[in-house]
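> Provided below are the primary sequence and the corresponding predicted coordinates.
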Amino acid sequence: MVDKNQFQFIFLVTLLSSISLFSTDIFLPALPQMAEFFQCSHAQIQMSFSISLIGIAACHLLTGLLADRFGRKKVLLFGMILFTTASILCALAQTIQQFVLFRLLQAIGGGSGSVISRTLIVDRYDRKEAVKIFSTIFPIASIGGAIAPFIGGYMTYFWTWQVTFIFIAIVGVGILTSVIILENKEALSPSSTPIEPLSSQLAGKKHLEVVTNLEFIAHVCIIAACFSAFRSYIVESPFVFTAQGFDVQEIGRFYMLPSVSYIIGNLLAKRLIQNQMPNQLLRTGMILFVFGAACLLVVTYIFPFSPYALIIAMSMLIFGNGLLFPTASAGAMTAVPKKHAGIASGFLGASGFIASALAISWVGDFCQGDAQKLAFFIAVPVVFGLISYLTLASHSRHCETTAGCHILK
């Protein structure tokens with residue numbers, strides 16, 4: 001039975017986890033109109049995505065440290081104020097340079113929400129309960145990202161693209177209000193650890209303690225592999241489908257099955273964690289992840305011009321992602337002391353975005369709309385994820401047979 005405070009908490013962290021992706025995807029349909037408004041090329045307007053990705057990655061690293069030093073609530077309030085203000089400024093921008101700058105600020109503010117949300121979860125719950133919470137919020141966040149372009153498209157059609165940013169600003173105000181009136185003050189209070197001076201030496205020491213934690217790093221690498229495989233498919237598959245002779249309307253429908261597969265994976269993770277240990281669930285997700293990649297290699301070789309073979313195999317891989325994301329996220333966040341939860345959350349998020357950015361920058365030149373090449377490209381992060389999992393499993397067995405290390409359950 002979920003009590004009132006827990007429901008409010010889950011509602012808040014879901015909003016925080018969703019807002020960054022939602023605010024990025026909502027104005028996708030309006031890009032041609034925006035390029036015309038700013039009198040710039042499509043490449044220039046698309047630059048705002050690269051800039052926002054950099055902003056989110058940098059924000060993840062810095063926000064975690066600040067949250068551990070000044071407390072979750074203060075940093076969260078500042079981030080949401082920045083996000084809301086920058087959203088309004090995006091709507092008021094008159095030049096592409098202004099828009100890119102304001103998008104960067106918006107990304108930094110919105111990115112703080114996802115960092116703090118993960119930190120708040122591990123502040124309150126152990127690993128098994130954290131998996132349940134992550135498995136609850138991830139599907140909702142995915143749905144938000146999926147419907148954002150539809151909402152933005154209708155807003156742009158009936159009004160203007162600026163209205164999408166006003167709408168985002170209103171959502172930001174709603175999140176701010178939720179943070180202020182949240183009854184469970186303890187969840188948003190500063191860290192219980194003693195406040196120390198925020199020096200570069202101390203910050204470096206804290207980061208070193210986190211990044212030298214093998215269990216944490218292995219979970220982070222698994223998440224980075226999932227991010228890279230998924231983003232590579234999302235970015236390159238439209239060109240594959242176009243090369244196979246399908247139009248834009250048909251291509252749009254091709255993403256429904258993978259999206260549903262991911263959501264089902266998240267929901268199944270929440271159900272399975274009731275009777276399985278997190279390491280067992282992680283193994284199941286990894287098996288499906290690798291099996292999906294193997295199927296992808298086979299079907300693109302046998303049916304190189306069939307979109308359905310590609311979609312079904314990728315949906316299996318993404319189904320594995322749905323199991324891995326909440327489980328590995330909880331595993332990473334609970335592998336470090338709670339006093340370092342903010343830094344761990346920031347490093348976790350930044351690693352995923354950086355890995356995705358690298359994959360996106362290479363996938364187009366390598367694949368060039370070829371389904372088989374895309375399958376081989378996706379296999380690379382999958383193998384990396386498998387190696388990370390095997391390293392984690394070996395480390396866990398070592399810790400179970402010796403007293404030389406400690407695995408958090």
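Okay, I see it. Numbering: from 1, shown residues only.
> Would you state the helices of the stretch 1-150 of the chain in chain order?
Assigned by DSSP state H, counting those that start in this stretch, the stretch 1-150 of the chain shows helices spanning 4-25, 31-38, 42-70, 72-92, 96-124, 127-158.
> Can you tell me which of those helices is nearest to residue 343?
helix 42-70 (4.3 Å; CB to CB). C-beta coordinates here come from the backbone N, C-alpha and C atoms, glycine included.
> Let me see the mean pLDDT of the closest one.
The pLDDT scores in helix 42-70 average 68.
> Was I right to think residue 166 contacts residue 89?
No: if you go by CB atoms under 8 Å, residue 166 and residue 89 don't touch, sitting 11.2 Å apart.
> Buried deepest among the helices of the stretch 1-150 of the chain, which one?
Highest mean neighbour count of those: helix 96-124, a mean of 24 (counted as mean count of other CB atoms under 10 Å).
> now the angle from it to helix 72-92?
Between helix 96-124 and helix 72-92, the angle comes out at 160 degrees (axes from the mean of the first three to the mean of the last three CA atoms, to 10 degrees).
> and the angle for helix 96-124 with helix 31-38?
With the same axes, to 10 degrees applied, the angle from helix 96-124 to helix 31-38 works out at 130 degrees.
> Figure out how far helix 96-124 is from the centre of its chain.
Distance, stretch centre to chain centre, for helix 96-124: 12 Å (CA atoms, centre = their mean, to the nearest Å).
> same deal with stretch 229-246?
With CA atoms, centre = their mean, you get 20 Å for stretch 229-246.
> Buried ones in that stretch, by neighbour count?
Residues of stretch 229-246 classed as buried by neighbour count (16 or more other CB atoms under 10 Å): 229-233, 235-241, 244, 246.
> from those residues, which single one is nearest residue 115?
Once CB to CB is applied, the member of those that ends up nearest residue 115 is residue 231, at 19.2 Å.
> Excluding covalently adjacent residues, which one is nearest to residue 77?
Leaving aside its sequence neighbours, residue 77 sits nearest to residue 179 (CB to CB, 6 or more residues apart in numbering; 6.1 Å).
> just to revisit the earlier point, just send the helices of the stretch 1-150 of the chain back as CSV, with distance to residue 283 too.
Putting the helices of the stretch 1-150 of the chain into CSV (distance: least, CB to CB, whole Å) gives the following:
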stretch, distance to residue 283
helix 4-25, 25
helix 31-38, 41
helix 42-70, 27
helix 72-92, 32
helix 96-124, 22
helix 127-158, 14
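> on that earlier part again, show me the contacts for the residue nearest to residue 77.
Contact analysis of residue 179 by CB atoms under 8 Å, 6 or more residues apart in numbering lists 12, 73, 76, 77, 80, 188.
> quick one: it and residue 116, what's the gap?
Distance, residue 179 to residue 116, using CB to CB, to the nearest Å: 9 Å.
> Can you pull the residues that touch both of the two?
residue 76.
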